[in-house]
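Chemist: mind looking at a prediction? Sequence and model below.
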Amino acid sequence: MTGMDQLIPIASKLQDVLGALGQTTELDLPQIVVVGGQSSGKSSVLESIVGRSFLPRGHGIVTRRPLVLQLYNTSDPGAAAAGADQQNDSDNSYKNSEENDDYNNNDDDSLYSDANAHDEAHNNINNKNRQLSATEEWGEFLHQPGRKFYDFGEIRDEIVRDTNRLTGSNKGINPTPIHLKIYSPRVLALTMVDLPGIAKVAVGDQPEDIERQLRDMCEQYISNPNAIILAVTSANTDLANSDALKLVKEMDPMGERTLGVLTKLDLMDPGTDASDILLNKVIPLRKGYIGVVNRGQLDVESDLCIRDGLEKEKHFFRNHPTYGRDRSMVGRLGTDNLAKQLNSILMHHIRDCLPDLKTRIANMTHDVQMELEDLGTCDSGSRANLSGSLLALLSRFTTNFTSTIEGRGNVTNGQSSSSSARDLNGMA
């Protein structure tokens, strides 16, 4: 890998570590955030970029938790090795996290019963013995350390299972993200966050203020100044009424970090086209628009291969009376161009953000080191030493907490109190 090619794996590693620790937004990491209205075609766009069908489908809100999707190109040995190293690091972090403890100790959760654990252990043994070919594709979940999913149907089922674990099976939503890595020789390196589509009417177990909650969830991600926003809109609707662009206008009013995606170009009324939008003449965005044609409902029901769908997309644009003749739009059409542009945008964006990220990480490391020094060292080894360390932490925490309440504490003491509480919880 070249120096530039290493940037996305580096950012993905940070994403993994912070995600395992439950601190996904503190550093404002560079990433692509996908937003759009319900049934705007977001999931179809992501599947086309990956080249495989792996996301849940259905009516209403199907994406009910954020999905952090990281793509690794296995034809590049450096990228594949970086991804494997990241998985090992994030596996260790996740195993030690409180979230993983809750996940494994939920005795009432039938999804993770002893029978399923036996099946997963059997699958893991088979996966470890499997010889990978040059064209092999697989996925890995952060909440399933060490397990490779070679069947993309199983990836879809696991997304549904883990979603239902936190949201229930009746259309509930939850802001806790699912982390998924996909390794393939056919993808470009990318990190994307797929957010639930914006809906206006509550159904099932959804709260009455579902629209506000979904908007808040989206704003949490796109308010990150280092996020590239992928605003997905159906071409057969009025662009001025786009839920995605309305949301973007609030967080990125100048359109500096937004790339628009027009889906369903093949469903526009006969004699009409989206050339003015694609040429950035209607609602201008700094990064412009790209038009795509995804598989239709009949294609999905007939289980048309995504790669065959991509060929149909090329055929549509090549033979369209407008898109096929206007050379100025050649680079603004098709899923291939979308993936290449996203890869380029993210790579250069990470390069621009890296100096600031490095400074912030150094400052955070220094602050944590100061907190540790303020709390004192923890002698490991005998049970007596651990008991003494616990008493010392209790004493320091009580002192800091009392000082803060009485107005005699400072920011450092306040931080130390929080850190002490975390350490006490960890030792309990």
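Modeler: Okay, I see it.
Chemist: center of this structure - which residue?
Modeler: The centroid of the chain falls nearest to residue 68 when counting by C-alpha atoms, centre = their mean (1.6 Å).
Chemist: hang on, that residue in a helix?
Modeler: No - Residue 68: not assigned to a helix; according to DSSP: H, G, I helix; E, B strand; the rest coil it is strand.
Chemist: that one contacts residue 190, doesn't it?
Modeler: No - the pair residue 68 / residue 190 is not scored as a contact, 11.3 Å apart, by C-beta atoms under 8 Å. Glycine gets a C-beta too; all of them are placed from N, C-alpha and C.
Chemist: tally of neighbours for residue 63?
Modeler: 22 (other C-beta atoms under 10 Å).
Chemist: how would you label it: helix, strand or coil?
Modeler: Following three-state DSSP, we place residue 63 in the coil state.
Chemist: name the nearest residue to it, sequence neighbours excluded.
Modeler: residue 196 (4.7 Å; C-beta to C-beta, 6 or more residues apart in numbering).
Chemist: in the sheet, who's paired with the residue nearest to the centre of the chain?
Modeler: Assessed by DSSP bridges, residue 68 has beta-bridge partners residue 179, residue 193.
Chemist: how near is it to residue 31?
Modeler: Here residue 68 is placed at a distance of 8 Å from residue 31 (C-beta to C-beta, to the nearest Å).
Chemist: same deal with residue 142?
Modeler: From residue 142 over to residue 31 the distance is 15 Å, taken as C-beta to C-beta.
Chemist: over to residue 218?
Modeler: Per C-beta to C-beta, residue 218 is found 14 Å from residue 31.
Chemist: and residue 69, by the same measure?
Modeler: Taking C-beta to C-beta, one finds residue 69 at 10 Å from residue 31.
Chemist: hey, what's in contact with both of the two?
Modeler: Taking C-beta atoms under 8 Å, 6 or more residues apart in numbering as the criterion, residue 69 and residue 31 both touch 191-193.
Chemist: what are the ranges of the helices in the stretch 151-300 of the chain?
Modeler: In the stretch 151-300 of the chain, the helices defined using DSSP state H, counting those that start in this stretch lie at 152-167, 210-222, 243-251, 275-278, 297-301.
Chemist: hey, which of those is tucked in deepest?
Modeler: Across the helices of the stretch 151-300 of the chain, averaging neighbours per residue (mean count of other C-beta atoms under 10 Å) puts helix 243-251 on top, at a mean of 20.
Chemist: contact partners of that one?
Modeler: Helix 243-251 is contacted from outside by 35-37, 40, 198, 215, 218-219, 222-223, 229, 231-233, 239, 255, 258, 260, 283, using C-beta under 8 Å, 6+ apart.
Chemist: change it to 6 Å
Modeler: Residues external to helix 243-251 that are found in contact with it (C-beta atoms under 6 Å, 6 or more residues apart in numbering): 35-37, 198, 218, 222-223, 229, 231-233, 258.
Chemist: so of the residues you listed, which ones are in strands?
Modeler: Among the contacts of helix 243-251, the members falling in strands (DSSP state E) are 35-36, 229, 231-233, 258.
Chemist: in the protein, which spans are strands?
Modeler: 31-36, 67-73, 138-141, 178-184, 190-194, 227-234, 258-263, 289-291.
Chemist: and the ones you listed as a markdown table, adding mean pLDDT and distance to residue 49?
Modeler: A markdown table is the format used below for the strands of the chain (pLDDT from 0 to 100; distance: least, C-beta to C-beta, whole Å):
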| stretch | mean pLDDT | distance to residue 49 |
| --- | --- | --- |
| strand 31-36 | 94 | 10 |
| strand 67-73 | 93 | 8 |
| strand 138-141 | 96 | 14 |
| strand 178-184 | 95 | 10 |
| strand 190-194 | 92 | 7 |
| strand 227-234 | 95 | 10 |
| strand 258-263 | 96 | 10 |
| strand 289-291 | 97 | 11 |
